[in-house]
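J.: Predicted model follows, preceded by the sequence.
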Amino acid sequence: MKLYMVNLKSQSAMLHAVKNAKGKGSMKGMMNSAWNALVQLLKGSNELRVRHVKLKCGDEYWEVYDPATRNWYCFKTEDGLYAWLDRHHQSLDR
């Protein structure tokens, strides 16, 4: 199982990171992601966290953690993730 956690400072940065998360296959990239996840866990950030999960059976999905609501959201497709991110971003603008 491959896990990618991305902590971001803005909604547009999140969309960009989600598109690039698939390319992180190197050991250095995975170690960097793990380190960033640990730092953010200890720091207690209010930023959304996105994780792309690939299972050995070939299935994959996206998870988002919203520390403001303490809720996890799970999406089977990137399109579903993008739609949720758009709605979330619009709700913050109100």
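T.: Looks like it came in fine. Only a predicted model underlies this, so the values are computations on that prediction, with no experimental measurement involved. Numbers count the residues shown, from 1 in each chain.

J.: Burial check on Glu47, number of neighbours?
T.: Residue neighbour count, defined by other C-beta atoms under 10 Å, stands at 18 for Glu47. All C-beta spots, glycine's among them, are computed from the backbone N, C-alpha and C.

J.: Please apply the same query to Arg51.
T.: Residues lying near Arg51 (other C-beta under 10 Å) number 19.

J.: My guess is it contacts Glu60. True?
T.: No: Arg51 is not in contact with Glu60 according to C-beta atoms under 8 Å; the separation is 11.0 Å.

J.: Please determine how far Arg87 is located from Met27.
T.: Here Arg87 is placed at a distance of 36 Å from Met27 (C-beta to C-beta, to the nearest Å).

J.: Tell me which of those two has more neighbours.
T.: Arg87 (10 against 7).

J.: pLDDT wise, what is that one at?
T.: Note for Arg87: predicted pLDDT of 92.

J.: Need the phi and psi values for it.
T.: Here is the backbone geometry of Arg87 (degrees, to the nearest 10): phi -60, psi -40.
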